[in-house]
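*Asks:* Fold the following, please.
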Amino acid sequence: MNPSCARCGKIVYPTEKVNCLDKFWHKACFHCEICKMTLNMKNYKGYDKKPYCSAHYPKQSFTTVADTPENLRLKQQSELQSQIRYKEDFEKNKGKGFSVVADTPELQRIKKTQDQISNIKYHEDFEKSRMGSVSMDAGDEGGRRGSEDGAVFRRTPSESGPPHLPPVGSSAYQHQRQPQQQQPKYGYPEPVTPVTTQHTAPAGGGKRFRAVYDYNAADEDEVSFQDGDTIINVQQIDEGWMYGTVERTGDTGMLPANYVEAI
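*Replies:* Below you'll find the predicted structure:
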């Protein structure tokens, strides 16, 4: 049995039947409720089981609710319940790991930029710390070369084992070779007295020492020797330095006291 048309109420035959919105229509009767434009299955929009065109489709409007004391109380109660539920879910899922974020091209670009910024920041901090340590080491070495009377500026060997000395041509070595100038008292520069590096052997007999480390002379008034060499006519200059002659080479000059031991 053929159904009736939802618009005109007449019988709809299969050749002209349109089945839409849970109803049957004639093709000519399937039109917009407002402008009567004939519609098809591709351009219609249904609202309340009635066909409309795009221009006359009913637009839904939202109702504004007044902020009455009761509504404010309900809103506050809903927020409290949401916070409680969030804390419960957080405690329940704590320690179970993080959700996996899709590795999109945008996220890859952001990650690459952050890695580059971190790498640049790391190198800047590393260079600053390295330059600071080099300047501190050079200042310490230059301070150790100054004697108490201000006549000769010489480094003090360490008490245990050979000290780590900079190369002769390095900037740290040149810094060690330069005497420290005293600041003028009233803002006027004072003349600097040239420092002499000539040393003469103290009078009197000397002792015999044996070298326990290899040492290469860093100044013109120093002597070089090897482990096991015998040093004769040794005289104590101060706590860190001595004056003597290497028996193997015949060279005479200054030598560090912690590089030799008494025979």
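
*Asks:* can you pull out the strands in this structure?
*Replies:* Counting by DSSP state E, the chain has strands at residues 17-20, 23-26, 45-47, 50-52, 207-211, 230-236, 241-246, 252-256, 260-262.

*Asks:* Ok, which of those strands comes nearest Gly132?
*Replies:* strand 252-256 (28.3 Å; C-beta to C-beta). Every residue, glycine included, has its C-beta placed from N, CA and C.

*Asks:* so where's this protein uncertain?
*Replies:* 61-65, 95-102, 133-206 (pLDDT under 70).

*Asks:* Break it into its domains for me.
*Replies:* Taking automatic domain parsing as the reference, the chain has its domains at 1-60, 207-262.

*Asks:* Deepest in the core, which of those is it.
*Replies:* domain 207-262 (a mean of 17; mean count of other C-beta atoms under 10 Å).

*Asks:* out of the strands of the chain, which comes closest to His123?
*Replies:* It is, among those and with distance given as C-beta to C-beta, strand 252-256, at 38.2 Å.

*Asks:* Could you name the helices and strands sitting against that closest one?
*Replies:* Packing contacts for strand 252-256, counted by 3 or more C-beta pairs under 8 Å, 6 or more residues apart in numbering; DSSP states H and E, involve strand 241-246.

*Asks:* The strand it packs on versus strand 252-256: what angle between them?
*Replies:* 130 degrees (axes from the mean of the first three to the mean of the last three C-alpha atoms, to 10 degrees).

*Asks:* can you tell me which residues contact Ser224?
*Replies:* Tyr215, Asn216, Ala217, Val246, Thr249, Asp251 (C-beta atoms under 8 Å, 6 or more residues apart in numbering).

*Asks:* mind running it again at 6 Å?
*Replies:* Asn216, Ala217 (C-beta atoms under 6 Å, 6 or more residues apart in numbering).

*Asks:* State the distance from it to Glu261.
*Replies:* 18 Å (C-beta to C-beta, to the nearest Å).
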